[in-house]
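[1] just a sequence and a predicted model for now, questions to come.
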Amino acid sequence: MDKLIIEGGKKLKGDVTVSGSKNASLPIFVATILAPGINQISNVPFLRDINTTIKVLESLGADVKGKGDVVRIDTTNISSHEATYDLVKTMRASVLVLGPLLARFGKARVSLPGGCAIGARPINLHLKGLQALGAEIVLEHGYVEARCKRLKGARINFDVSTVGGTEHLMMAAATAKGDTVLENSAREPEIVDLANFLNFMGAKIEGAGTDTINIHGVSELSAANYEVMPDRIEAGTFMIAAAMTGGDIKIRRMKLEHLDALTFKMQDAGVEITSRDGVVRVKGPKKIGSLNIKTRPYPGFPTDMQAQFMAMMCVADGASVISENIFENRFMHVSELQRFGADITVAGSTATVKGVKKLSGAPVMATDLRASASLILAGLAAEGTTEITRIYHLDRGYEAIEKKLAALGANILRVKE
Ligand code: EPZ
């Protein structure tokens, strides 16, 4: 297994280009199941989770060429309607194939995703929504068995804002008979990207990005080509890297409007963030101000940036309170950050961070995707050497991050363990 070795203290300088969005690519790949034909998806990041999604599509009978930047997905010969446990347990987003398989073939058998490091992450709202569309759902032997001759449009109201649930039901309802309204939908930009792709396929979806999405069911869809949006979480991670190292970087191909909540908080903390001709410049201040954040569904502060923001608060001037309101166990980076000398106390879903003058490099272990990013950020700002193991977590969601950071002047190396 690989590990990362970082010599901290370098100010990041120069330009970096953001890759395509993992969390937009995954549902867009799954949406290709809805119709036979050849789809060309571009700006796809080279990531483990993309490879896993390709394996899932191939296990169903799709023919996939390429792993990124351009991926050609031919779904003409999809014949299986089963997604097995070993694939779904590797990446829970695979469970999204259930709705599209059901919509296209009238039946599907998909493994329940099981738990995950950051929380229970049930899919009850996905299943409730599919039942509202007329699906018969049976849970047995750890699998969801679903059947329905033809899904019928319905009015669905989500108890909580769910990104995957909204995406799942948008896909399932696209070819349902009649109209579907999704109320209290999630509003993430990745949902808008999926809706755009579905409309390119011939769907009639309006309101994506708001909390009410109207889907007028069409009889059939066709394959389409699409360019995936930039990854806003990767972009936000680079913004924090510049802030924490007192650097001055330019970030290309990101959409700053996707990160308002993070940007406003960072500007309050004294970080200079400006945007011109689609290039975002981030300049770190001498001292970062301490701030409180609460993670919320979009457009609130993104839970996927909580660990990275906590790393920044570890070297801020004063105390910060971070409350994680989306997942029940998303503080696993705390004990690893404490190994750098960070002063953090956790009480339930709230962490209080007291900024320290300097972090000191240490051997640490990645526990989940965004936690790994926070450890890299701490290593970049720390004095001395940091070693990060189990970085397979990182490779799920960041394309060649050590190369991109090295190009910005960081002293970071990936070595075989
Ligand atoms: C998506 O996960 C993202 N993953 C996550 O990013 C992200 O953290 C999350 O949305 C929230 O923004 C992908 O897009 C592949 P949810 P998802 O359904 O869809 C509860 C990363 O780091 N819930 O919005 O699984 C759930 O338990 C990953 O890239 C139910 O109770 O998240 C959670 O508390 C991590 N029942 C809350 O809703 C359901 O049926 C939000 O989950 C569904 C969800």
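    That came in fine, so what should we check first? Residues are numbered from 1 along each chain as shown.

[2] now do the contacts for whichever residue of the stretch 51-200 of the chain sits closest to the ligand.
    In the stretch 51-200 of the chain, no residue comes nearer to the ligand than residue 164, which is 2.8 Å away by Cβ to the nearest ligand atom. Any C-beta I mention is one placed from the backbone N, CA and C, and that applies to glycine too. With contact taken as Cβ atoms under 8 Å, 6 or more residues apart in numbering, residue 164 is in contact with 27, 93, 95-96, 123, 126.

[3] which among the residues you listed end up buried?
    27, 93, 95-96, 123, 126 (16 or more other Cβ atoms under 10 Å).

[4] show me which of these neighbour the ligand.
    Residues of the buried ones among the contacts of residue 164 in contact with the ligand (Cβ under 6 Å from any ligand atom): 93, 123, 126.

[5] circling back: and the residue of the stretch 51-200 of the chain closest to the ligand, helix, strand or coil?
    For residue 164, the secondary-structure state derived from DSSP: H, G, I helix; E, B strand; the rest coil is helix.

[6] what does the pLDDT read for it?
    In the prediction, the pLDDT value recorded for residue 164 is 98.

[7] what do you get for the one 3 residues further on?
    Residue-level confidence at residue 167 comes out at 98, pLDDT.

[8] tell me which element it falls in.
    Using DSSP states H and E, the element containing residue 167 is helix 163-173.

[9] residue 143 and residue 119, how far apart?
    If you measure residue 143 against residue 119 using Cβ to Cβ, to the nearest Å, the figure is 22 Å.

[10] how about residue 374?
    Plainly put, residue 374 is 17 Å away from residue 119 if you go by Cβ to Cβ.

[11] same deal with residue 134?
    On the measure of Cβ to Cβ, residue 134 and residue 119 end up 30 Å apart.

[12] who's more crowded, these two?
    residue 134 (18 against 14; other Cβ atoms under 10 Å).

[13] buried set for the worst-scoring helix or strand of the chain on mean pLDDT?
    Of all regular secondary-structure elements in the chain, judged by mean pLDDT, DSSP states H and E, the least confident is helix 85-88 with a mean of 88. Taking 16+ other Cβ under 10 Å as the neighbour-count basis, helix 85-88 is seen to contain the buried residues 87-88.

[14] centre of the chain to that helix, how far?
    With Cα atoms, centre = their mean, to the nearest Å as the basis, helix 85-88 stands 19 Å off its chain's centre.

[15] does it come close to the ligand?
    No - if you take Cβ under 6 Å from any ligand atom as the test, helix 85-88 misses the ligand, and the best it gets is 12.7 Å.

[16] kindly export that helix (C-alpha atoms) in CSV.
    As requested, the backbone C-alpha atoms of helix 85-88 are provided in CSV (Å, rounded to 0.1, in the frame of the first residue of the first chain):
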residue,chain,number,x,y,z
TYR,A,85,-22.8,-7.2,-2.5
ASP,A,86,-19.0,-7.2,-3.3
LEU,A,87,-19.5,-4.3,-5.7
VAL,A,88,-22.0,-2.3,-3.6
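
[17] number the residues from 217 up from this point.
    Okay, residue one is now 217; in that scheme the one you just asked about reads as helix 301-304.

[18] hmm, who's touching the helix or strand following that helix?
    Moving toward the C-terminus from helix 301-304, the first helix or strand encountered (DSSP H and E) is helix 314-321. Counting by Cβ under 8 Å, 6+ apart, helix 314-321 makes contact with 246-247, 249-251, 276, 294, 297, 299, 323-324, 326, 342, 346, 351, 360, 362-364, 367, 384-385, 387-388, 390-392, all of which sit outside it.

[19] okay, and which of those map to helices?
    Among the contacts of helix 314-321, the members found in helices (DSSP state H) are 246-247, 276, 342, 346, 384-385, 387-388.

[20] which PyMOL command selects the buried ones in those residues?
    Of these, the buried ones go into a single PyMOL selection, burial set by 16+ other Cβ under 10 Å:
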select buried, resi 246+247+276+342+346+384+385+387+388
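
[21] residue 312 is in contact with residue 246, isn't it?
    Yes - assessed by Cβ atoms under 8 Å, residue 312 is found in contact with residue 246 at 4.6 Å.
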